[in-house]
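Build the 3D model from these lines:
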Amino acid sequence: MTEKFFPYRIDERWSRMARLFGFRPGVDGVTVDDDTFVATYGGKRVEVPRAGIDGAHITRDYTWYKAVGTRLSFVDDGLTFGTCTDGGVCVHFAPRIPKVIGFRDHSALTVTVEDLEGLVAELDPPG
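Take a look at the predicted model:
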């Protein structure tokens, strides 16, 4: 497989807020190749071997305060790199990845990329 880049979906209503969190349009996003998953958001970075991904699924319809910026989940140890409220891909890790923000390691990362279905297909291929 060649390297694939998935840019974030930008909702102009929230773009200023995303930039306050350091988001860099055209630079930040998710890159996937045969060996590695990398997600960047401003100065934050998650890099995981593909073998450390334990699945991915689409989630939708977030409230802005749960979706825009670099955020921790209110209910678990999940992390969000968000730019819009429409939907994202929740990527699960096993084992947990070292903490990016907060006090605990993360078992999941939600990313609000343009091509939700494409990213899930790359991370969770059939068969």
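
residue ranges with poor pLDDT in this protein?
1, 126-127 (pLDDT under 70).

Go through it and flag its longest helix.
Longest helix in the chain by number of residues (criterion: DSSP state H): helix 116-123.

where does Thr112 sit relative to Tyr8, distance-wise?
Thr112 is 6 Å from Tyr8, where distance means CB to CB, to the nearest Å. Quick note: C-beta positions are derived from backbone N, CA and C, even for glycine.

Then Arg19?
For Arg19 relative to Tyr8 (CB to CB), the value is 12 Å.

any common contacting residues for Thr112 and Tyr8?
Phe81, Thr83, Cys84 (CB atoms under 8 Å, 6 or more residues apart in numbering).

So which of those sit within strands?
Phe81 (DSSP state E).

what does the longest helix of the chain rub up against?
Under CB under 8 Å, 6+ apart, the answer for helix 116-123 is 4, 6, 30, 32, 37, 53, 55-58, 87-89, 91, 111, 113.

Out of these, which comes closest to Asp77?
Using CB to CB, Val91 is the member of the contacts of helix 116-123 that sits closest to Asp77, with 13.4 Å.

which strand residues sit across from that closest one in the sheet?
Ala56, Leu109 (DSSP bridges).

neighbours of it, just the number please.
Neighbour count for Val91, taken as other CB atoms under 10 Å: 29.

so what's it up against?
Val91 neighbours (CB under 8 Å, 6+ apart): Phe37, Ala39, Ile53, Gly55, Ala56, Ala108, Leu109, Thr110, Val111, Leu123.

Out of these, give me the one that has the most neighbours.
Val111 leads those on contacts (other CB under 10 Å) with 27 neighbours.

So it sits against Gly87, correct?
No: using CB atoms under 8 Å, Val111 makes no contact with Gly87, being 10.5 Å away.

so who does the residue sitting nearest the centre point of the chain touch?
Centroid-nearest residue in the chain: Val111, 2.4 Å away (criterion: CA atoms, centre = their mean). Neighbour list for Val111: Phe6, Tyr8, Val30, Ala39, Thr80, Phe81, Gly82, Gly88, Val89, Val91, Leu119 [criterion: CB under 8 Å, 6+ apart].
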